[in-house]
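Q: Take a look and give me a structure for this.
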Amino acid sequence: MTVIVVSGTGTEIGKTVVTAALAASFRAQGRSVAVVKPAQTGMAAGEDGDVAEVIRLGGDVTGVELARFPDPLAPATAARRARMAPLPPSQIAEAVEKVAAEHDLVLVEGAGGLLVRFDDDGGTLADVALRLGAPVLVVVAAGLGTLNATTLTGEALRARGLEQLGVVVGSWPAEPDLAARCNLAELSDAAGAPLLGAVPQGAGSLAPAAFRAQARSWLAPRLGGFWDADSFTAAVG
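A: Below you'll find the model as predicted:
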């Protein structure tokens, strides 16, 4: 894999922290890593966005932000309100390909869910992945409602002929409730793809050195780590 598109089943579920964990995991293997954020919304000029957070936590990572819009909205809506040019999938894919030519791996972090619009023609992160021929890693929530959102995202990927690399729980609670424990055993079936990790809640608050030291323990071998879904699921009951 030279490009992994990181999407989610919604907002505020841990995509940036998962992206940072991926960066740290692959950097630990000696691979050069870049993260591309096509559109950062809800941030003013000069504020640290998601790319800065991935670099802070993940380490020696190249960061690229293609566009920034001040309102915390879908990129197409935020661009329209700011009277700025939107970012179509073709432009995003072209930028990612240029970065990929100089790195072993590029992580493309989306905004919100898979079908959030980037432009007024309805272009989405799925269209970016399709243009790149890249697999999509889906970050999911742990609790009630996640199976429906995970299933819908998996169906949307398959309908477009896109490879779903797997799913990662973006914020696994220290004391999971019954729904979270039961969901863990069903997420792979719901997604139609393997469960490839669970990042603990609050991981983004760790000191960067501690985050990098632990990142591989949260991710499966396919993602550069040594986390095992069966053992983890059995341990949480």
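Q: For the rest of this, base every contact and every neighbour count on C-alpha atoms.
A: Noted.
Q: For the residue located most distally from the centre of the chain, give its distance to residue 61.
A: Centroid-distance maximum for the chain: residue 83 at 27.6 Å, with Cα atoms, centre = their mean. With the distance defined as Cα to Cα, to the nearest Å, residue 83 ends up 32 Å from residue 61.
Q: and residue 64, helix, strand or coil?
A: strand (DSSP: H, G, I helix; E, B strand; the rest coil).
Q: The nearest residue to it once chain neighbours are set aside: neighbouring residues, count only.
A: Spatial nearest neighbour of residue 64, excluding adjacent residues (Cα to Cα, 6 or more residues apart in numbering): residue 36 at 4.8 Å. Here the number of neighbours of residue 36 (other Cα atoms under 10 Å) works out to 22.
Q: Wasn't residue 36 part of a helix?
A: No - counting by three-state DSSP, residue 36 falls outside a helix, being strand.
Q: per-residue confidence for the residue farthest from the centre of the chain?
A: Looking at residue 83, its pLDDT stands at 95.
Q: That one in helix, strand or coil?
A: Looking at residue 83 with three-state DSSP, the answer is coil.
Q: which residues of this protein score low on pLDDT?
A: 1 (pLDDT under 70).
Q: Now do the strands for it: every range, in order, please.
A: 3-8, 33-37, 40-41, 62-65, 68-69, 105-109, 136-140, 164-172, 195-200 (DSSP state E).
Q: which of those sits most buried?
A: For these, average neighbour numbers computed from mean count of other Cα atoms under 10 Å are highest in strand 136-140, which has a mean of 28.
Q: To what extent is residue 222 buried, counted in neighbours?
A: With other Cα under 10 Å as criterion, residue 222 counts 12.
Q: Correction: the previous question concerned residue 206.
A: 12.
Q: I'd say residue 139 and residue 16 touch.
A: No - if you go by Cα atoms under 8 Å, residue 139 and residue 16 don't touch, sitting 9.6 Å apart.
Q: Make a markdown table out of the strands of the chain and add distance to residue 188.
A: Listed next are the strands of the chain as a markdown table, based on distance: least, Cα to Cα, whole Å:
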| stretch | distance to residue 188 |
| --- | --- |
| strand 3-8 | 15 |
| strand 33-37 | 26 |
| strand 40-41 | 30 |
| strand 62-65 | 31 |
| strand 68-69 | 34 |
| strand 105-109 | 21 |
| strand 136-140 | 11 |
| strand 164-172 | 7 |
| strand 195-200 | 5 |
